[in-house]
Structure formats: C-alpha cells, structure tokens
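A.B. asks: Any chance you could fold what I've pasted below:
(one chain, ligands or ions: 1)
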Amino acid sequence: MMLKGKTVVLGITGGIAAYKAADLASKLTQAGARVETVMTESAMKFITPLTLRNITGRPVVTDMFEPASEYSEEHVALAEAADVIIVAPATANTIARLAGGIADNMLGTVVLATEKPVIIAPAMNDVMYRNTVTQENVARLKARGFTFIEPEYGRLASGKTGKGRLAETSKIIETIEKVLGIKTDLEGKRIVVTAGGTQEPIDPVRHIGNRSSGRMGYALAEAARDRGAAVTLITAPATLPAPGGVEVIKVKTAAEMKKAVVAAVKKADALIMAAGVADFMPKTAARSKIKKESAALNIELVKTPDILSEVKGDFIRVGFAAESENVVANAKKKLLAKHLDLIVANDITAADSGFDVATNRVTLIDRTGKEEGLPLMSKREVAEKILDRVKGMMK
Ligand SMILES: Cc1cc2nc3c(=O)[nH]c(=O)nc-3n(C[C@H](O)[C@H](O)[C@H](O)COP(=O)(O)O)c2cc1C
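C.D. replies: Below you'll find the predicted structure:
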C-alpha cells in the first residue's frame, strides 16, 4: 500500500492507449491511492467513464459544467486535492493544450489550476511525436517543471513500428512514486522490529508492565514496509492496530520476545529493538490469584533473559535507550555493552517525547560514538531517519 493516503488525479485523453489507463487506475487503486479520474471528450470514445468509476470507486469527471463529485468548484478542488496529476495516455492535442495554457476542458483547467507535480505519459503515432511542434510543446512543459515519461519504441496501433507507445504501467507507477518522494530503497531486505511493552506475570490477573505504547516500533514497521522491506513485527501488548502487509508475531513476556526474536533474525538484514522490554520479572508467577487479605506482599524480582546476548548473526542491530538522566552517556554505555550498530536515545522526561505521544526527539549514536541530535518530529519521521541510517550501514 505504497500510495496509501495519496490522491492521484488521472487524466485520460483520446488515444488508442486509453484502454491501458484502466489498468493503471486499477494498480494505483490497489496500491492504496484515491484515484480521481478526469476524462476528455475524446477519451470517452475509447473507454467509458463507467469502467473507471467501477475500478476506482470514485465518480469520474467528464464535463466541466456538470460536477460529478462532492466538490463544488471541481477544477480547483481537484487541483488542490491532488498529490500528483498524471496524464496517461496524453495525446499530442492535450500536450499542445497544456503547453498553451488552454483551459477549455476539465483536464486543461485542473492542470492550469494546480501547483502540484504533473506527470505526462504521451502516446501517439511516431510521426506526431517527432513533429517539431509536439517536441516544442514537450520542451516548454519540461521547462515548466512537468515530468515526462518517454513513450516506448514498439508496435504502434497503426501497425508500424516506432517511438510512440505508452510507457508500461509499472514504469508510470514508479515515476509517480518517485515524484511523490516514496522510496523503495529497502526492497529485498528483511527487517525485524520489536515493539510494545512486555508484561511479566505476578499471578493470573496481574503483571508488571511498562509505559511503552508501541508507537515507535509500529511506525518503524510501517515505514520499512512502505520502503519495500519484508517486515516482521514482534510485538508485546500495544493498543495499536496491527499494520497491514507486515508479519505480526504477538508475545507477552521478555522471555517470549527473546524466543521470537531468535527465530526471526535468522534471515534478517536488520533488527530494530523498539520494544520496552522488562529488565526484571517476578521470580515465580503465583498459580492462583494472590488474595488481598495479606498485610503486605513481597515479590522477588529476577533479571529477565537478555535478548541480545543470544541473538547472533550478521545483521545490523539497532537499540533504543529510554533514559531519564545522562541520556547520551547512558545510551553510549548500552551501545557498547550490547554491541549495537546504532542506538536511538531519548529523554523520557520531556512531555513531547518518549512514551505514548506521537512525537519524539531523539539522538542517534553510532558505533564510532558520533552523535546526531534530531529535532522534535513525528515518530514516523524518526522512523524514516533511523531507516536511512540502517540502509547506509547495509552492504
Ligand atoms: C482511432 C483514433 C486513434 C487516435 N489515437 C491517438 C493517439 O494515440 N494519440 C494522439 O495523440 N491522438 C490520437 N488520436 C487523435 C485524437 O483523438 C484527437 O487529436 C483528439 O482531438 C484528442 O483530444 P483530447 O486531447 O482532448 O483527448 C486518435 C484519433 C482516432 C480517431
């Protein structure tokens, strides 16, 4: 779901390749995008709005003076709602229209009214494409910042072979992702993330827990997934919904987490431990509920098994240090003691950082002791920064 939360305005114009726009609309929708289709009058001679409406689940805009959607000023609303506009296929005529700033149909008007990136995927007869006037129009639009996806060489609808075929759907989607700044730099990598706060049982109804909400680990799992990695999320109890497209393994205690991590890292390229793992657990858990009649209750605590000591292998290790004092010094100690490649230190005494908030302010420290203090940012942004560093350390 690389395009989740993104609005893509898909402009379809009147060329033979218009039927391929249905496949593009389908793939974009499957990738999570909200696809708002705008068709020219000529496009409707080749493919029906009904097809696009059913594929995208959204009304299709065909007539500038007949609003199709909930938007009142449709051209302005679409121009603003778009994260990106893709015209595929783009006819020579539409390219000329856009180059001239002509707004005599809905697509021309939306493109003129937008400040968002516009991508053009031309498709036409090779002579039309080579024609100086078409090339001049392309050059003008490029100079204005439009992105072009070059047509491909191959068999054209006329039966001739030449340069003019609409680029492959995969190439168009790749370009959209690139323009939107969506990275796929972790494709082929396996990343194991731990999250949540472990619970160490005292008796059948009570446990020792901690304040870890799971937000940082879940943000890491989602970010790694969106960048193309195969992600295993080993999660202790958290109140967040399980992210889609990620292998989720639920555990409760530190001991269970250790077992799951040891199994999961066998093929991993990186292990990122964002879980709040208990350092101590009750030596024994009472088999039945401890009654409150006793005047006092003493629970003997022992150390939990250390996860990292037994997790061996050739992968990047990232740990977290949630500290309330001497943050950086304590984090550095942990980095060395646990043989980490990177440690993410945060001061949990700050209100906008640490547990159960959507933001975090962290310092990244690597093996050489180099520190990078990051400003306050969302946990997702922190996750991206951590993954940038993980990527940099991978072979
Ligand atoms: C059968 C047929 C196929 C066409 N294929 C293309 C094409 O692939 N590329 C193109 O630029 N024009 C093509 N045209 C011409 C366009 O449909 C025509 O220029 C039209 O005005 C484009 O309008 P639009 O840009 O508003 O969609 C074709 C016309 C017909 C009749």
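A.B. asks: Which of the helices and strands in the protein ranks last by mean pLDDT?
C.D. replies: Lowest mean confidence among the helices and strands of the chain (mean pLDDT, DSSP states H and E): helix 307-310, at a mean of 79.
A.B. asks: all strands for the stretch 51-200 of the chain, in order.
C.D. replies: For the stretch 51-200 of the chain, the strands defined by DSSP state E, counting those that start in this stretch occupy 84-90, 118-122, 147-148, 152-155, 161-165, 190-195, 200-201.
A.B. asks: Please enumerate residues in contact with the least confident helix or strand of the chain?
C.D. replies: 254, 257-258, 261-262, 273, 277, 317, 319, 338-340 (CB atoms under 8 Å, 6 or more residues apart in numbering). Yep, even glycine has a C-beta here, placed from its N, CA and C like the rest.
A.B. asks: who's in contact with N125?
C.D. replies: 156-158, 160, 162, 164.
A.B. asks: run the last query once more with 6 Å
C.D. replies: 158, 164 (CB atoms under 6 Å, 6 or more residues apart in numbering).
A.B. asks: For the stretch 1-150 of the chain, which residues score under the pLDDT cut-off?
C.D. replies: Where the stretch 1-150 of the chain drops to pLDDT under 70, the residues are 1, 69-72.
A.B. asks: For the residue most central in space within the chain, which non-adjacent residue is spatially closest?
C.D. replies: In the chain, the residue lying closest to the centroid (CA atoms, centre = their mean) is D226, at 3.4 Å. Of all residues not flanking D226 in the chain, M2 sits nearest, at 6.0 Å (CB to CB, 6 or more residues apart in numbering).
A.B. asks: The one you found touches A31, doesn't it?
C.D. replies: Yes: counting by CB atoms under 6 Å, A31 is a contact partner of M2 at 5.1 Å.
A.B. asks: which bits of the chain sit near the ligand?
C.D. replies: 13-17, 40, 42-43, 91-94, 123-124, 128 (CB under 6 Å from any ligand atom).
A.B. asks: PyMOL command for the buried members of those?
C.D. replies: To isolate the buried subset of these in PyMOL, counting by 16 or more other CB atoms under 10 Å, use the following:
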select buried, resi 13+14+15+16+17+40+42+43+91+92+93+94+123+124+128
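A.B. asks: Out of the residues of the chain next to the ligand, name the ones that lie in helices.
C.D. replies: 43, 92-94, 128 (DSSP state H).
A.B. asks: got the contact list for D63?
C.D. replies: Neighbours of D63 in contact, by CB under 6 Å, 6+ apart: none.
A.B. asks: how far is stretch 75-85 from where the chain is centred?
C.D. replies: Per CA atoms, centre = their mean, to the nearest Å, the displacement of stretch 75-85 from the mean C-alpha position of its chain is 21 Å.
A.B. asks: just the strands in the stretch 201-350 of the chain please.
C.D. replies: Counting by DSSP E, counting those that start in this stretch, the strands of the stretch 201-350 of the chain are 207-208, 230-235, 247-250, 270-273, 280-282, 301-303, 316-323, 342-347.
A.B. asks: Tabulate the ones you listed (JSON lines), appending mean neighbour count and mean pLDDT.
C.D. replies: Converted to JSON lines, those look like this (neighbours: other CB atoms under 10 Å; pLDDT from 0 to 100):
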{"stretch": "strand 207-208", "mean neighbour count": "18", "mean pLDDT": "96"}
{"stretch": "strand 230-235", "mean neighbour count": "26", "mean pLDDT": "97"}
{"stretch": "strand 247-250", "mean neighbour count": "15", "mean pLDDT": "96"}
{"stretch": "strand 270-273", "mean neighbour count": "26", "mean pLDDT": "98"}
{"stretch": "strand 280-282", "mean neighbour count": "18", "mean pLDDT": "97"}
{"stretch": "strand 301-303", "mean neighbour count": "11", "mean pLDDT": "97"}
{"stretch": "strand 316-323", "mean neighbour count": "22", "mean pLDDT": "94"}
{"stretch": "strand 342-347", "mean neighbour count": "23", "mean pLDDT": "93"}
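A.B. asks: State which helix of this structure is the longest.
C.D. replies: Max-length helix for the chain by DSSP H is helix 379-393.
A.B. asks: Need the contact partners of that helix.
C.D. replies: 185, 215-216, 219-220, 223-224, 270, 316, 341-342, 360, 362, 374.
A.B. asks: which SS class is L10?
C.D. replies: strand (DSSP: H, G, I helix; E, B strand; the rest coil).
A.B. asks: Wait, it touches V35, no?
C.D. replies: Yes: using CB under 6 Å, L10 is in contact with V35, at 5.5 Å.
A.B. asks: tell me, what's touching those two both at once?
C.D. replies: A25.
A.B. asks: quick one, which of these two is more surrounded?
C.D. replies: Neighbours were counted for L10 and for V35 using other CB atoms under 10 Å; L10 has more, 28 against 24.
A.B. asks: For that one, which non-adjacent residue is spatially closest?
C.D. replies: T37 (4.9 Å).
A.B. asks: Does the one you found lie in a helix or a strand, and which?
C.D. replies: Assessed by DSSP states H and E, T37 sits inside strand 34-39.
A.B. asks: Domain parsing of this protein, as residue ranges.
C.D. replies: Residue ranges for each domain of the chain read 7-179, 190-393, as given by automatic domain parsing.
A.B. asks: Which residue would be the closest one in the stretch 151-300 of the chain to the ligand?
C.D. replies: Going by CB to the nearest ligand atom, the ligand is nearest to A157 of the stretch 151-300 of the chain, at 6.3 Å.
A.B. asks: For that residue, give me its contacts.
C.D. replies: Contacts of A157 by CB under 6 Å, 6+ apart are I16.
A.B. asks: try S42
C.D. replies: Contacts of S42 by CB under 6 Å, 6+ apart are G14.
A.B. asks: Please apply the same query to M124.
C.D. replies: Taking CB under 6 Å, 6+ apart, one finds 92, 164 in contact with M124.
A.B. asks: Kindly recompute the last result at 7 Å.
C.D. replies: If you count contacts by CB atoms under 7 Å, 6 or more residues apart in numbering, M124 has them with 15, 91-92, 164.
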